[in-house]
Structure formats: C-alpha cells, structure tokens
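**Q** have a look; sequence and predicted model below, questions after that.
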Amino acid sequence: MEYLVNMTTHVPGGTSDDDVEGVLTREAAHSRELAAQGHLLRLWRPPLQRGEWRTLGLFVAGNDVELEKVLASMPLRVWRIDEPTPLSPHPNDPAANDAHPLRPATAGAEFLTTFTLAVPDGTSPALLRDTLAGEAHRTRELAEQGHLVRLWVLPAERSASRVLGLWRAGDDEDMQGILRSLPMDAWMTVATTPLTQHPNDPAIMQS
C-alpha cells in the first residue's frame with residue numbers, strides 16, 4: 001500500500017550544527033536503504049515558510065503498523081512529526097502501463113494536485129458516463145505526453161470523492177492549462193502544490 005507522508009521537522013533550540021549534520025548524514029544513508037528495500041519511492045520539498053523544515057514522502061508499506069515502523073526507523077524522526085495519508089489505486093493511474101512511472105523529470109517541474117469532485121445534482125447517468133470516459137481518455141493522453149505521472153484515490157471527506165495526482169509541467173501556467181483540459185474540470189475543486197527536489201529523493205539517486 002502506498003502512503004503520502006507530510007513530515008515536519010523541528011530541531012530543538014541549542015542543537016549544535018555538528019549534531020544536525022550528523023543526523024542529516026544518517027538520514028540520507030537510511031533513505032537509500034529504505035529505497036533499496038522498496039519502502040521509500042520519492043521525496044519532495046513543498047513550498048516552505050521562512051524557517052520551516054518540511055518534506056513530502058511517498059512510501060510503501062503493508063499496512064499502517066509497518067509504515068510506522070519504517071518512519072520510526074528514520075534518524076530525523078527524533079525531531080519530526082509525520083502525518084501519513086493512505087493512498088488507494090485509481091483506475092486511470094498511469095503506473096499500470098509504465099514500468100518506471102516515478103523516474104525523475106528531464107525538464108520542467110513536478111506538481112501534486114488534490115481534486116475534490118462534486119457532480120452537479122441532476123446530472124444524467126449518460127452525461128456522467130460520457131464525462132468519465134472522456135476523463136479516462138484525456139488522462140491517457142497526458143500520461144503519454146509525460147505530464148501525468150500518477151493518480152491515487154484519497155480518503156473521502158464528507159462523502160466527496162478526492163483524488164491525488166502527480167504531474168510534470170513546464171511551469172505553473174502550463175500546469176493550470178493542463179488541468180483546464182480535463183473533461184471533469186468544471187466539476188472539480190483543485191489545490192495545486194509545486195514541488196522541488198529533495199537531496200535524498202530516490203529518483204535522483206537512481207538516475
């Protein structure tokens with residue numbers, strides 16, 4: 001099972017630079033071990049506030065208990081708070097047809113999107129069916145173009161359907177144009193998070 005983990009680190013006041021550097025060095029080495037074991041797939045940095053130390057990670061574990069053991073084994077955990085979100089397979093996920101869907105981008109930037117879908121009341125079954133089919137077709141096109149990397153189903157909130165997407169685009173404007181091209185765009189509220197490289201990202205270390 002895959003998980004997106006929001007990891008926020010708070011280094012205690014008075015910690016020496018040498019101690020911080022030692023923990024970071026061990027964290028990098030252990031991240032490589034977790035990647036080799038298949039538990040750690042990706043690491044990114046989201047936009048940060050001044051002084052904030054936060055990472056987004058894509059992990060694999062058999063269940064919540066195993067995930068906690070993986071996270072607890074990481075050296076930075078002594079200063080870190082982890083917030084995991086379980087991810088379920090999405091029928092339009094490009095990973096089903098790509099042996100290496102998480103290879104690093106050769107150009108452009110990566111983005112995470114959270115879609116919250118609300119089908120308008122009164123929508124006919126035929127229109128819903130056709131729109132879903134159009135969405136599936138368009139996501140395949142975007143995957144073939146290298147824009148759509150992964151899709152997952154998020155836990156529902158108040159019965160609303162929620163989807164997480166990992167994308168590649170030239171810039172934010174390009175990303176917004178891609179999202180507007182989706183047939184279900186009018187039915188979705190979208191939150192977009194630009195991502196930057198993390199030095200311990202397995203996709204970088206394996207490239």
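**A** Ah, there it is.

**Q** make it CA atoms for all contacts and neighbour counts henceforth
**A** Will do.

**Q** mind listing what the residue nearest to Pro94 when sequence neighbours are not counted touches?
**A** Residue nearest to Pro94 in three dimensions, not counting chain neighbours: Arg150, with 5.7 Å by C-alpha to C-alpha, 6 or more residues apart in numbering. By C-alpha atoms under 8 Å, 6 or more residues apart in numbering, the contact set of Arg150 is 93-95, 101, 165-167.

**Q** where's the dip in pLDDT among those residues?
**A** Across the contacts of Arg150, the smallest pLDDT goes to Pro101, namely 53.

**Q** quick one, domains of the protein?
**A** 2-87+197-205, 89-195 (automatic domain parsing).

**Q** least reliable of those domains going by mean pLDDT?
**A** domain 89-195 (a mean of 89).

**Q** give me the distance between the two termini of that domain.
**A** From its first residue to its last, domain 89-195 covers 22 Å (C-alpha to C-alpha, to the nearest Å).

**Q** for stretch 10-17, same thing?
**A** 14 Å.

**Q** so how far is that stretch off the chain centroid?
**A** Taking C-alpha atoms, centre = their mean, to the nearest Å, one finds stretch 10-17 lying 29 Å from the centre of the chain it belongs to.

**Q** with stretch 77-95 instead?
**A** On C-alpha atoms, centre = their mean, the centre of stretch 77-95 falls 7 Å from the chain's centre.

**Q** ranges for the helices of this structure?
**A** 17-36, 64-72, 125-144, 172-180, 202-205 (DSSP state H).
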